[in-house]
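Student: Have a look at this prediction, sequence included:
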Amino acid sequence: MSLDQLYQQIILEHAKERHGNGLDAGVEFPAGAASGQSHQLNPTCGDEITVRVSVAGGKVSDLRWDGEGCSISMASASVLTELAEDLDTAELQRIIDSFREVLRSRGKVAADPEILGDAAAFEGVSRYAARVKCAMLSWVAAEDALTQALGRQES
Amino acid sequence: MVAPPAHLPSPAPALGNDEVLRIRNDFPILNRPVNGQPLVYLDSGATSQNPTSVLEAEQEFYEQRNAAVHRGAHHLAVEATDVFEDARETVAAFIGAGVDELIWTSNATEGLNLLSYSFLNASLPGAPAEAARFALGAGDRIVVTEMEHHANLIPWQQLAARTGATLDYIPVDDSGALDLEAAARLIGPRTRVLAFTHASNVLGTINPVNDLVALGRAVGALVVLDACQSAPHLELDVKALDVDFAVFSGHKMLGPTGIGGLYGRSELLNAMPPFLTGGSMITTVTMDRAGFLPSPQRFEAGTQRISQAVALAAAANYLTETGLARIHAWEATLGQRLVEGLEAIPGIRVLGPAAGRERIGLAAFDVAGVHAHDVGQFLDSRGIAVRVGHHCAQPLHRRLGLTASTRASTYLYNTTDDVDAFLDAVAGVRPYFNA
């Protein structure tokens, strides 16, 4: 597998133009919104990310993040931000599950662009065991933050 | 001036590319391709490769002499004990230690934990009077440096937390050297332990051991040397350095994984409470108590790493026959070539001493706008193996304003072509990532 298959153009672009980066940006939350926040660390390289997910009316009203890491981890968080916008919360969970299945398959499960959109570009990462955690970091954080937000909404 | 190995003319000719190419034939793994390209192995700071003589020594032990040592009267047990203790003699001589002053450990990390746990045992109520010199309590201080590998940091952090002692850090200046004036201020009458690395695994700096030992001696501190990055690469003489303890890892000096060594002055080892207890380290055992053997058996409970010890001795012999002074000089040449080449590439910041200043044969660096993981991946696609991340030195990276860096580390089997292939690849990193 060549380097270009790992570093797809879309990944390199997102690593530069990071969507949703910055937790301090002023955000107006709709009435009834609940949010959760999760910090995840990759101890092998020191990469870390904090993702905040806000939900309202069964939809993701906002997903933002802050972190530092390699191009794979930064691009992955950026792509996730774009995908999550206005998604039903159940749908966000579904694409997180799909992304995890592809990334942990060691190249055996093909990404479905219908479900994963731009995140399908990370398919090649699954062949690089050392980089899977880079791609998963923000998604694991988003899943945790989403669960927290949904729990707060119900209580 | 140390005499050259006996088989070499005196003075021994310097190592150069021609001889290194011959040396490479002794290392089978260096012939394998990686990602369709010749392997350029520049990660010996993490683990080194093994010459055939080391691999054969381990196999020969299992094929001809395998038996438990220090027990059993049968012939194989006697031969196994002989080669195990011969190995200790060889490796002890390699670092300038007496034969009863070298304790086998799994690696340097275990050696440092052995010390910190033995000191903890000495600090507990009921410890024998002879162990008082190792005891720590509230108000006592342990001094380390900002450039330590986590292996020479966490055991002391834990010991401080458990005994109420305080951990102090000798700062690193912007040139990658220890601030000796600060060290002189930090090391005082309550300093019980002074632990520092001989050579930094990130900066490449060789620390002034004599100056630090003098500061430690003046206040009666126990001086611990992390020799992981020095024992494989330069002539190490623990007696001449006058340290109390030193640790090293076998797999960084052409040996197998799973074995390392702890040197300690015998007077100290025989007064220090053991860390691991059990079989092979005792004199008389009753249902209530046990007596302990002197060093080194005192610290070698249970069945030992016999084949690894034998293989490590073969590694020490390989290094001695090649000549540590020649290896050191060759690697210093490669280290300078690395730094000079890296400094000439736009957007590269070399960590540690600048070109022209002394360093061992490694260089860690930051690439502006490109994360170390991406740098490592790019180099791997060209068959070049380097280390990326914090290199088990998070406090040092934080001090340098980084979370991660990329490190190329050389050994006696690297040529200038290896360094040049690496430099050529690094020059392509920022363009590839549009940085």
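Tutor: Thanks, I have the structure now.

Student: Retrieve the pLDDT associated with residue 133.
Tutor: As the question left the chain open, I've gone with chain A. For A:Lys133, the pLDDT comes out at 94.

Student: oops, chain B please
Tutor: Note on B:Arg133: pLDDT of 97.

Student: and if you look at B:Leu8?
Tutor: With respect to pLDDT, B:Leu8 scores 68.

Student: same check, this time on the one 4 residues further on
Tutor: According to the prediction, B:Ala12 has pLDDT 79.

Student: Let me know the secondary structure of it.
Tutor: The three-state label given to B:Ala12 by DSSP: H, G, I helix; E, B strand; the rest coil is coil.

Student: can I assume it is in contact with B:Ile327?
Tutor: No - using CB atoms under 8 Å, B:Ala12 makes no contact with B:Ile327, being 11.1 Å away. Every residue, glycine included, has its C-beta placed from N, CA and C.

Student: Mind checking which of the two has more residues around it?
Tutor: Per other CB atoms under 10 Å in any protein chain shown, whichever of B:Ala12 and B:Ile327 has more neighbours is B:Ile327, with 20 against 15.

Student: give the contact list for that one.
Tutor: Counting by CB atoms under 8 Å, 6 or more residues apart in numbering or on different chains, B:Ile327 makes contact with B:15, B:233-234, B:319, B:412.

Student: how about those residues in JSON lines, adding pLDDT, secondary structure and neighbour count?
Tutor: JSON lines is the format used below for the contacts of B:Ile327 (pLDDT from 0 to 100; DSSP: H, G, I helix; E, B strand; the rest coil; neighbours: other CB atoms under 10 Å in any protein chain shown):
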{"residue": "B:Leu15", "pLDDT": "96", "secondary structure": "coil", "neighbour count": "21"}
{"residue": "B:His233", "pLDDT": "98", "secondary structure": "coil", "neighbour count": "31"}
{"residue": "B:Leu234", "pLDDT": "97", "secondary structure": "coil", "neighbour count": "20"}
{"residue": "B:Leu319", "pLDDT": "98", "secondary structure": "helix", "neighbour count": "22"}
{"residue": "B:Leu412", "pLDDT": "98", "secondary structure": "coil", "neighbour count": "29"}
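
Student: and chain A, which of the residues you listed contact it?
Tutor: Subset of the contacts of B:Ile327 in contact with chain A: empty, counting by CB under 8 Å from any CB of the partner chain.

Student: from those residues, which single one is nearest chain A?
Tutor: Nearest to chain A among these: B:His233, at 25.7 Å, using CB to the nearest CB.

Student: pretty sure the closest one is in contact with B:His328, am I right?
Tutor: Yes - counting by CB under 8 Å, B:His233 does reach B:His328; the two are 5.9 Å apart.

Student: pLDDT at the nearest residue to B:Glu130 once chain neighbours are set aside, what is it?
Tutor: Closest residue to B:Glu130 apart from its sequence neighbours, by CB to CB, 6 or more residues apart in numbering or on different chains: B:Ala271 at 4.5 Å. Looking at B:Ala271, its pLDDT reads 97.

Student: B:Ala271: neighbouring residues, count only.
Tutor: By other CB under 10 Å, 17 other residues sit near B:Ala271.

Student: And it, its phi and psi?
Tutor: phi -100, psi -10 (degrees, to the nearest 10).

Student: for it, what are its contacts?
Tutor: By CB under 8 Å, 6+ apart, the contact list for B:Ala271 reads B:130-131, B:133-134.

Student: element containing the nearest residue to A:Ala119 once chain neighbours are set aside?
Tutor: Using CB to CB, 6+ apart and skipping the chain neighbours, the partner closest in space to A:Ala119 is A:Val79 (5.0 Å). Using DSSP states H and E, the element containing A:Val79 is helix A:71-84.

Student: in that helix, what's buried?
Tutor: Neighbour counts over helix A:71-84 (16 or more other CB atoms under 10 Å in any protein chain shown) mark A:71-81, A:83-84 as buried.

Student: mind checking how far the residue nearest the centre of chain B is from B:Gly261?
Tutor: Among the residues of chain B, the one closest to the centroid is B:Cys228, at 0.7 Å (CA atoms, centre = their mean). Counting by CB to CB, to the nearest Å, the gap from B:Cys228 to B:Gly261 is 11 Å.

Student: Tell me the residues that contact both of those two, please.
Tutor: B:247-248.

Student: Which residues does stretch B:338-346 contact?
Tutor: Applying CB under 8 Å, 6+ apart, the external contacts of stretch B:338-346 come out as B:348, B:350, B:353-355, B:359, B:361-363, B:365, B:408, B:410, B:419-420, B:422-423, B:426-427, B:430.

Student: Stretch B:416-423 now?
Tutor: Residues outside stretch B:416-423 that contact it (CB under 8 Å, 6+ apart) are B:17, B:40-42, B:333-334, B:337-338, B:341-342, B:345, B:379, B:382, B:384, B:386, B:408, B:410.

Student: Would you mark the buried spots in stretch B:182-199?
Tutor: Quick answer for stretch B:182-199 (16+ other CB under 10 Å): B:182-183, B:186-187, B:191-199.

Student: Tell me how many other residues crowd B:Leu423.
Tutor: Other residues lying near B:Leu423 total 18 when counted by other CB under 10 Å.

Student: Look up which helix or strand it falls in, please.
Tutor: Assigned by DSSP H and E, B:Leu423 falls in helix B:416-427.

Student: As CSV, could you dump the C-alpha coordinates of that helix?
Tutor: Extracted as CSV, the C-alpha positions of helix B:416-427 are listed here (Å, rounded to 0.1, in the frame of the first residue of the first chain):
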residue,chain,number,x,y,z
THR,B,416,27.0,7.5,6.0
ASP,B,417,24.8,6.4,3.2
ASP,B,418,22.1,5.5,5.8
VAL,B,419,22.4,9.0,7.2
ASP,B,420,22.2,10.6,3.8
ALA,B,421,19.2,8.5,2.7
PHE,B,422,17.5,9.6,5.9
LEU,B,423,18.4,13.3,5.3
ASP,B,424,17.2,13.1,1.7
ALA,B,425,13.8,11.7,2.9
VAL,B,426,13.4,14.3,5.7
ALA,B,427,13.8,17.0,3.1
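
Student: Beyond it, next helix or strand please.
Tutor: The helix or strand immediately downstream of helix B:416-427 is helix B:429-432, counting by DSSP H and E.

Student: What residues sit buried inside that following helix?
Tutor: Using 16+ other CB under 10 Å as the test for burial, helix B:429-432 gives B:429-430, B:432.

Student: Out of those residues, which comes closest to chain A?
Tutor: Using CB to the nearest CB, B:Tyr432 is the member of these that lies nearest chain A, at 7.8 Å.

Student: what's near enough to touch that closest one?
Tutor: Residues near B:Tyr432 by CB under 8 Å, 6+ apart: A:3, A:7, B:378.

Student: again, only using 6 Å
Tutor: Shown in contact with B:Tyr432 (CB atoms under 6 Å, 6 or more residues apart in numbering or on different chains): no residues.

Student: Mind pulling up the pLDDT for it?
Tutor: Model confidence at B:Tyr432, given as pLDDT, is 96.
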